[in-house]
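Asker: This is a predicted model, with the sequence first.
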Amino acid sequence: MSIKIDSLGDWKRTHYCGELRKSHCEKEVILFGWVSRIRDLGNLVFIDLRDREGIVQVVFTSENKQLIDRAKKIKMEYVLGIKGKVQRREEKSMNRELPTGEIEVLAKELKILNISQTTPFVISDPPQASEELRFKYRYLDLRRPSLQRNIKLRHQIALKIRNFMAKKGFLEIETPFLSKSTPEGARDYLVPSRIYKGKFYALPQSPQLFKQILMISGFDKYFQIVRCFRDEDLRADRQPEFTQIDIEMSFIDPEDIYNLIEEMMKEVFDVINYSIKTPFKKIPYNESIEKYGTDRPDLRNKIEIINITDLAKDSEVEIFKKVIASGGEVRGIVVREGIGFSRKELDELGERARTLGGKGIIWIKRDETGFKSPLKIKEDFFLKLWEYMNAKMGDLILLVADEKFLTLKILGELRNLVGKKTDSKDYRFVWITDFPLFEWSEEENRIISNHHPFTAPKEEDLKYLETDPLRVRSKAYDLVINGIEIGGGSIRINNIELQERIFKILGLNEKEIKDKFGFFLEALKYGAPPHGGIALGFDRLVMILAGEDSIREVIPFPKTTSALCLLTGSPSEVAQKQIEELGLELKKPQNK
RNA sequence: GGGGUCGUAGUUCAGUCGGUUAGAACGCCGGCCUGUCACGCCGGAGGUCGCGAGUUCGAGUCUCGUCGGCCCCGCCA
């Protein structure tokens, strides 16, 4: 039995389903939406109609026999137009769960504007389908109220930021997507050139050089909410294409950036009615590593890492002596009231330490009966340890002995794992400052930029640039919220000689420098103003504000962790003709 | 590139030690029902156990490979 599809005719929506309240009572309304639930009681049919603003109950009664007969043919996800009257529900049949639950719409006319196949999963919040299926049918997934809310929130935040930046005198200026591949940093997404066979554009990892060039052009205050592309492996908070709030300013120092961003964050968090205190805490990189074992600490977590190497070297513990003798360290954390950790949980923490490259962990518990630990030594050391680490009865101490940075990394991770039960509605902002300018790359066996090669060194460290480069600190800063790196930036080098010195230290030869950055070095010669900026991860920011754990929940059309778009089926093969046009040849015949 | 984990009805899952006809809930189809709101009640249909090899008298179950989802390490200036 086929259903007649109605035409829209001259119907115009008067209200969104989700906006109706008791103040609309007695009003005639026209609604459009999707059927989200049907409750057919025979001579009484209820339909929950959903649009982007919410859900409202539409009721069909047997007073209008023709109408209710047609209503009985309605199925899930049909597209309906309803003309009806808003009426107050009786006290006992109100739905307190629903914002529209005090009223309902008594249908007078019905238009079935389209039918729908049975959906591959029921559209419900929270979702009852795998992410795989949700991504394949993302248009259905996106009908879920929580995703509608996230996408709306994303818009509101973007709008807030645009208005804020405009108010502060910034210009939103676009930069090219088809641009130049440069060494350093992430792997580029490449776009082959048809006109110049064998040559490639690269999609931008960020508009870094363009925004610096805009400073040289005198635009002074630039921003852009812009897509960036990095061909690296994915994570819960990483997508191959993501959106950045990109900012650059001239004639500024880091304080100007801090002030601007702190004020922006105030406005942004206002969207979720969360008021934040400024200025944000600032922690130098080295201190953050020593205390938290990471450069993106979650400050909701009170645990700090304590160095007990001095204490451990006089202990009778062989493993400590061995590690210290070979230049390693012993450090630990105190887990308050940690006595309740089970053997299984402790084993899991040890396993985690091993996956990070460590040998494991040592744990010590203390209660009224004494100490418990796999370490079978005299109580003497434990007593000293408890005093030194300021631990109490009922606490758990976790120790790691290894090479310094591995020790810190493992304890940083343990700190996150054991301190997890923190308030999720609380937001802790911190600036991490004074990053090292360079780091040593084991893989490439050379010095590489920690941030990027255009980052300015701190003046007082310039003297070590050639002699002890790893000691040089930079004018770089990261913004971290609840352990999530939300953005980073720096004051840039605007002096050609210094820039060339940096490239030399990075081991780039003259030709490479000229080929890859020649255009930029040239620009630096024509009155480049002092400048600096920052880039904030927009998706991550929205994720935090939406209270989501995955960036995919705030991106309308995300990719899977293997960089597939399940909706469109990309990446996909292309016609041989297209490949030939680009002057390309595939190495292996595609077998899929 | 590496590790972990998952893949069974449209969906979410259960499936014992390798054994006979692979189950449940929701959804779907048919029927009843005037105040439901995850409506309820009665009945029904629905399975390439991801795919491919192998072991075995016999494989959803064991082995290997492969594809895919998720998490992590490396990577992500």
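Answerer: Sure thing, it's come through. Numbering: from 1, shown residues only, chains lettered A, B, ... in the order given.
Asker: need the longest helix for chain A.
Answerer: Longest helix in chain A, counting residues (DSSP state H): helix A:145-167.
Asker: And it, what's buried?
Answerer: A:145, A:147-148, A:150-151, A:153-154, A:157-158, A:160-161, A:164-165 (16 or more other C-beta atoms under 10 Å). Just so you know, the C-beta spots here come from the backbone N, C-alpha and C atoms, and that holds for glycine as well.
Asker: pLDDT on that helix, on average?
Answerer: Averaged over helix A:145-167, pLDDT sits at 97.
Asker: tell me what it is packed against?
Answerer: strand A:171-172, strand A:221-229, helix A:254-270, helix A:538-546 (3 or more C-beta pairs under 8 Å, 6 or more residues apart in numbering; DSSP states H and E).
Asker: so which of these comes closest to RNA strand B?
Answerer: Closest approach to RNA strand B among the helices and strands packed on helix A:145-167 (C-beta to the nearest atom of the strand): strand A:221-229, 7.9 Å.
Asker: Please work out which residues outside the longest helix of chain A touch it.
Answerer: For helix A:145-167, contacts defined as C-beta atoms under 8 Å, 6 or more residues apart in numbering pick out A:50, A:52, A:54-55, A:125-126, A:141-142, A:172, A:223, A:225, A:245, A:247, A:263-264, A:267-268, A:270-272, A:538, A:541-542, A:545-546, A:548, A:553-554, A:556.
Asker: Check these for burial and list the buried ones.
Answerer: By 16+ other C-beta under 10 Å, the contacts of helix A:145-167 give A:50, A:54-55, A:141-142, A:223, A:225, A:245, A:247, A:264, A:268, A:538, A:541-542, A:545-546, A:548, A:553-554 as buried.
Asker: Would you mind confirming that residue A:253 makes contact with residue A:491?
Answerer: Yes - using C-beta atoms under 8 Å, residue A:253 makes contact with residue A:491 at a distance of 6.8 Å.
Asker: Looking at the two, which one has more neighbours?
Answerer: residue A:491 (24 against 11; other C-beta atoms under 10 Å).
Asker: so which strand or helix has that one?
Answerer: When elements are assigned from DSSP states H and E, residue A:491 belongs to strand A:484-491.
Asker: from the buried residues of helix A:145-167, which single one is nearest RNA strand B?
Answerer: For the buried residues of helix A:145-167, the nearest to RNA strand B is residue A:145 (12.8 Å; C-beta to the nearest atom of the strand).
Asker: That closest one and residue A:130, how far apart?
Answerer: 19 Å (C-beta to C-beta, to the nearest Å).
Asker: got it, and residue A:300?
Answerer: Where residue A:130 is concerned, residue A:300 sits at a distance of 31 Å (C-beta to C-beta).
Asker: of these two, who's got more company?
Answerer: Using other C-beta under 10 Å as the criterion, residue A:300 and residue A:130 rank with residue A:300 on top: 15 against 10.
Asker: hang on, that one in a helix?
Answerer: No - with DSSP: H, G, I helix; E, B strand; the rest coil as the criterion, residue A:300 is assigned coil and is not in a helix.
Asker: right, and it touches residue A:425 too?
Answerer: No - assessed by C-beta under 8 Å, residue A:300 is found out of contact with residue A:425, at 10.1 Å.
Asker: How many residues are close by whichever residue of the stretch 451-592 of chain A sits closest to RNA strand B?
Answerer: Closest contact between the stretch 451-592 of chain A and RNA strand B, by C-beta to the nearest atom of the strand, is at residue A:452 (2.7 Å). Neighbour count for residue A:452, taken as other C-beta under 10 Å: 18.
Asker: How about the contacts made by it?
Answerer: A:184-185, A:208, A:490.
Asker: if we go to 7 Å?
Answerer: Contacts for residue A:452 (C-beta atoms under 7 Å, 6 or more residues apart in numbering) come out as A:184-185, A:208.
Asker: any idea of the pLDDT on residue A:592?
Answerer: For residue A:592, pLDDT reads 35.
Asker: again, but for residue A:314
Answerer: Reported pLDDT for residue A:314: 86.
Asker: same deal with residue A:350?
Answerer: Here the pLDDT value assigned to residue A:350 is 90.
Asker: And it, how far from residue A:385?
Answerer: For residue A:350, the distance to residue A:385 - C-beta to C-beta - is 18 Å.
Asker: Neighbour count for those two, which is higher?
Answerer: Taking other C-beta under 10 Å, residue A:350 and residue A:385 do not tie; residue A:385 has more neighbours (23 against 20).
Asker: Quick check: that one touching residue A:397?
Answerer: Yes - at 6.5 Å, residue A:385 and residue A:397 qualify as touching, with contact defined as C-beta atoms under 7 Å.
Asker: residues shared between the contacts of those two?
Answerer: Contacts common to residue A:385 and residue A:397, judged by C-beta under 7 Å, 6+ apart, are residue A:364.
Asker: got the residues of the stretch 451-592 of chain A near RNA strand B?
Answerer: A:451-453, A:550, A:552, A:560-562, A:564, A:566 (C-beta under 7 Å from any atom of the strand).
Asker: And those, which two are furthest apart?
Answerer: Pairwise distances across these peak at 37.2 Å for A:453 and A:566 (criterion: C-beta to C-beta).
Asker: Which of those two has more residues huddled nearby?
Answerer: Neighbour count, other C-beta under 10 Å: between residue A:453 and residue A:566, residue A:453 has more, with 25 against 18.
Asker: Just read off the phi/psi values of that one.
Answerer: phi -70, psi 0 (degrees, to the nearest 10).
Asker: Can you report how many residues lie near residue A:207?
Answerer: Residue A:207: 25 neighbours (other C-beta under 10 Å).
Asker: ok, it touching residue A:246?
Answerer: Yes - counting by C-beta under 7 Å, residue A:207 touches residue A:246, with 5.6 Å between them.
Asker: Now for those two: what residues contact both?
Answerer: A:224, A:226.
Asker: So which bits of the stretch 1-150 of chain A are right by RNA strand B?
Answerer: So the stretch 1-150 of chain A meets RNA strand B at A:1, A:37-44, A:46, A:48, A:57, A:59, A:61-63, A:75-76, A:89-90, A:92-95, A:97-98, A:101, A:104, A:118, A:120-122, A:128-133, A:135 (C-beta under 7 Å from any atom of the strand).
Asker: which of these count as buried?
Answerer: Buried members of these, scored by 16+ other C-beta under 10 Å, are A:48, A:57, A:59, A:76, A:89, A:101, A:104, A:121, A:129, A:131, A:133, A:135.
Asker: For the first one, which residues are in contact?
Answerer: Counting by C-beta under 7 Å, 6+ apart, residue A:48 touches A:36-37, A:55, A:57.
Asker: Adding pLDDT and secondary structure, write these out as a markdown table.
Answerer: Formatted as a markdown table, the contacts of residue A:48 follow (pLDDT from 0 to 100; DSSP: H, G, I helix; E, B strand; the rest coil):
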| residue | pLDDT | secondary structure |
| --- | --- | --- |
| A:36 | 95 | strand |
| A:37 | 94 | strand |
| A:55 | 96 | strand |
| A:57 | 97 | strand |
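Asker: Out of those residues, which is nearest to RNA strand B?
Answerer: Out of the contacts of residue A:48, the member with the shortest distance to RNA strand B (by C-beta to the nearest atom of the strand) is residue A:37, at 4.0 Å.
Asker: which residues does the closest one bridge with?
Answerer: On the basis of DSSP bridges, residue A:37 is bridged to residue A:48.
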